[in-house]
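In: Prediction below, plus the sequence it came from.
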Amino acid sequence: MTVLYGVPTLVGYLLLFGIVFWSTRHFMERQIDASVDGELAEIRAAAPADTVPELRDVVASLIVRSPDFFYLLQDADGSVVAGNLPAMQPLPGVRQWTGSRGHGSIGIRGQGRLGANGAYLFVGLNTRQLHEMEEAVVHAFLWGLALAMLLALAGGTATSFWILRRIEAVSETSREIVRGDLKRRIPELGTRDEFDHLAGSLNAMLDRIQALMDGLRQVSNDIAHDLRTPLTRLRQRLELARHPADSPGRGDHVIEPAIRDVDAILETFAALLRIAQIESGTRKAGFTRVDLAEVLRTVIELYQSALDAEGRTLDEAGRTLHLQIDADPWVRGDRELLTQLFANLVDNALRHSGPDTRIALAVRREGARLAVSVADDGPGIPAEFRDKVLNRFFRLEHSRSTPGSGLGLSLANAIAALHESELALHDKQPGLRVTVLLEPWQTLTAARENRPTRR
């Protein structure tokens, strides 16, 4: 990080130095050229004939009057006629000359001009100020470069230390989590920078992982509790079936309940596998146009013809199933899964409501979606348990003495999630209302038609 800060600073500073140095030198050279042009114009005005004798008198007078300028007048043979410079090659235009004077060297920048009869006149100016300006710029930039590099290195080191400290916080938290502290979270400084965003995302991921781990632990415990009882009863009955000679005919009475226990266990595992299959999303590829009215009528017919534990039909038990459809009931989904969804909701309502109750199924428009509800007159579910009852194996009855595995609402919730919805549980006072919001077929069709086509 320090190198990454220092190298761009160095390169940028060198580029800036080159631009300033070139601009300053170019400005000073133009100033010298302008002064030389002015001196040449004055000579031309004083010697309009541009002859050697005339120019010789003018140059002689200027040497005394303008000590900062340097002059050279040569005839056609290259001999020095006047001036304070040695002979040079007669080249017209701007030129620079470096020579020795006294105990040091001297630089001259000027302009040469060819006159009449092959005469050559050169007028120059000392470049000492130009060199002094260049030295001042170089020294200033060297000091500035040293200061800038120190600041860049200090800034890079401080930034690297700060970044490494934040990274070490993430690493330390990760090590604590690996050691078993799943409640540990990455600290956020409240700066709302990228590290805070990363920490927030990682903490949300850790919360999700912890929730899944807690759910897995709860499911494992619930499976152990739910299957231990039927497996214990099954073992006892098999133990009794080993000695049929002690009681003739007892084997038949033992085997039949044992088969029911095995069926209950297999049903539990089948429900778990079905939930896993639904949550994988593989069934979504087979979605078609489904008539909810037909699905709900099928569910009602199924339960109206079924018998309860006492061998009575719904009418004989004083229970009624009522269906009301106030909207176009066509949706996109899996007909079999939707039938399973509402069958589970109706079964849950029947299981937890007493005699002389009314279970109402309704389809109505709620905004842009279809709301399908199943309502009963039973005891309902306390508000603090409405989210938990959707978890696998969760049952309000902790003794688990009533039939069931606690997977009915979990399976229904998984089917709703597959259809991009969820179960909403509301207090009906008395009773419970479970609502599922589904996307109407017309809305999906319109969205598909309005989608731009690729060419």
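Out: Nice, I can see it. Residues are numbered from 1 along each chain as shown.

In: excluding its backbone neighbours, what's nearest residue 70?
Out: Closest residue to residue 70 apart from its sequence neighbours, by Cβ to Cβ, 6 or more residues apart in numbering: residue 124 at 4.5 Å. Where C-beta positions appear, they are placed from N, C-alpha and C, glycine not excepted.

In: Beta-bridge partners for that neighbour, please?
Out: Residue 124 has these beta-bridge partners by DSSP bridges: residue 70, residue 110.

In: ok, it - contacts?
Out: For residue 124, the contact set (Cβ atoms under 8 Å, 6 or more residues apart in numbering) comprises 36, 69-71, 85, 97, 108-111.

In: how does it look with 10 Å?
Out: Residues near residue 124 by Cβ atoms under 10 Å, 6 or more residues apart in numbering: 32, 35-36, 39, 69-72, 85, 94-97, 107-112.

In: What segments of the stretch 1-150 of the chain are helices?
Out: 2-46, 52-65, 128-178 (DSSP state H, counting those that start in this stretch).

In: and the ones you listed, which is most packed in?
Out: The highest mean neighbour count among the helices of the stretch 1-150 of the chain, using mean count of other Cβ atoms under 10 Å, belongs to helix 52-65: a mean of 15.

In: Report the angle between it and helix 2-46.
Out: 130 degrees (axes from the mean of the first three to the mean of the last three Cα atoms, to 10 degrees).

In: what packs against helix 52-65?
Out: helix 2-46, strand 69-74, strand 80-83, strand 120-126 (3 or more Cβ pairs under 10 Å, 6 or more residues apart in numbering; DSSP states H and E).

In: Sheet partners, orientation included, of the shortest one?
Out: Just to be clear, that refers to strand 80-83. strand 69-74 (antiparallel).

In: Quick one: mean pLDDT over the strand it pairs with.
Out: The average pLDDT within strand 69-74 is 88.

In: what does stretch 157-165 give?
Out: Here the average pLDDT along stretch 157-165 is 83.

In: So which residues make contact with that stretch?
Out: For stretch 157-165, the external contacting residues (Cβ under 10 Å, 6+ apart) are 1-6, 171, 195.

In: Next up, the contacts around the nearest residue to residue 74 once chain neighbours are set aside.
Out: Excluding its sequence neighbours, the residue lying closest to residue 74 (Cβ to Cβ, 6+ apart) is residue 120, at 4.6 Å. The contact partners of residue 120, by Cβ under 10 Å, 6+ apart, come to 52, 55, 72-76, 78, 81, 87-92, 112-114.

In: Same check on residue 131?
Out: 25, 28, 107.

In: distance of the second one from residue 16?
Out: Between residue 28 and residue 16 the computed distance is 19 Å (Cβ to Cβ, to the nearest Å).

In: Provide the secondary structure category for the residue lying closest to residue 335 once chain neighbours are set aside.
Out: The shortest distance from residue 335 to any residue other than its chain neighbours is 4.8 Å, reached at residue 290 (Cβ to Cβ, 6+ apart). With DSSP: H, G, I helix; E, B strand; the rest coil as the basis, residue 290 sits in strand.

In: what does the one 4 residues further on give?
Out: Reduced to three states with three-state DSSP, the structure at residue 294 is helix.

In: follow-up on the earlier one: same list, the helices of the stretch 1-150 of the chain, but as TSV with distance to residue 236 please.
Out: Formatted as TSV, those follow (distance: least, Cβ to Cβ, whole Å):
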stretch	distance to residue 236
helix 2-46	74
helix 52-65	133
helix 128-178	44
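
In: and residue 360, which of those helices is closest to it?
Out: Minimum separation from residue 360 across the helices of the stretch 1-150 of the chain (Cβ to Cβ) falls at helix 128-178, 48.8 Å.

In: re earlier: whichever of the contacts of residue 120 end up buried, select them in PyMOL.
Out: Only the buried entries of the contacts of residue 120 go into this PyMOL selection, using 16 or more other Cβ atoms under 10 Å:
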select buried, resi 52+55+72+73+74+75+81+88+90+112+113
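
In: what's stretch 172-180 in contact with?
Out: 181-187, 199, 202-203, 206, 209-210.

In: now what about stretch 31-43, what contacts it?
Out: 50, 54-55, 58-59, 62, 66, 68-71, 73, 94, 96, 108-113, 115, 121-127, 129-130.

In: Closest one of the contacts of stretch 157-165 to residue 407?
Out: residue 171 (41.1 Å).

In: coming back round to it: quick check: bridge partners of the residue nearest to residue 74?
Out: residue 74, residue 114.

In: distance of it from residue 71?
Out: Using Cβ to Cβ, residue 120 is found at 12 Å from residue 71.

In: for residue 109, same thing?
Out: Relative to residue 71, and taking Cβ to Cβ, residue 109 is found at 14 Å.

In: what do you get for residue 18?
Out: According to Cβ to Cβ, residue 18 and residue 71 sit 35 Å apart.

In: do the same with residue 138
Out: 32 Å.

In: and if you look at residue 137?
Out: For residue 137, the distance to residue 71 - Cβ to Cβ - is 30 Å.

In: do residue 322 as well
Out: Counting by Cβ to Cβ, the gap between residue 322 and residue 71 amounts to 121 Å.

In: More neighbours: which of those two?
Out: Using other Cβ atoms under 10 Å, the more surrounded residue of residue 322 and residue 71 is residue 71, with 22 against 11.

In: And the pLDDT for the closest residue in space to residue 130 that isn't next to it in sequence?
Out: Closest residue to residue 130 apart from its sequence neighbours, by Cβ to Cβ, 6+ apart: residue 28 at 4.5 Å. On pLDDT, residue 28 comes in at 88.

In: can you give me the helices for the stretch 251-400 of the chain?
Out: Under DSSP H, counting those that start in this stretch, the stretch 251-400 of the chain gives helices at 292-304, 335-351.

In: okay, those, which one's buried deepest?
Out: Most buried among these, counting by mean count of other Cβ under 10 Å: helix 335-351, with a mean of 21.

In: Just the C-alpha atoms of that helix, please, in PDB.
Out: Extracted C-alpha coordinates of helix 335-351, given in PDB (Å, rounded to 0.1, in the frame of the first residue of the first chain):
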ATOM      1  CA  ARG A 335     -51.800 -27.900  -9.700                       C
ATOM      2  CA  GLU A 336     -50.800 -30.900  -7.500                       C
ATOM      3  CA  LEU A 337     -48.800 -28.700  -5.100                       C
ATOM      4  CA  LEU A 338     -51.500 -26.100  -4.800                       C
ATOM      5  CA  THR A 339     -54.000 -28.900  -4.000                       C
ATOM      6  CA  GLN A 340     -51.500 -30.100  -1.400                       C
ATOM      7  CA  LEU A 341     -51.100 -26.600   0.000                       C
ATOM      8  CA  PHE A 342     -54.800 -25.900   0.600                       C
ATOM      9  CA  ALA A 343     -55.500 -29.500   1.700                       C
ATOM     10  CA  ASN A 344     -52.900 -29.000   4.400                       C
ATOM     11  CA  LEU A 345     -54.500 -25.700   5.500                       C
ATOM     12  CA  VAL A 346     -58.000 -27.200   5.600                       C
ATOM     13  CA  ASP A 347     -56.700 -30.300   7.400                       C
ATOM     14  CA  ASN A 348     -55.000 -28.000  10.000                       C
ATOM     15  CA  ALA A 349     -58.200 -26.100  10.500                       C
ATOM     16  CA  LEU A 350     -60.200 -29.300  10.900                       C
ATOM     17  CA  ARG A 351     -57.700 -30.800  13.300                       C
END
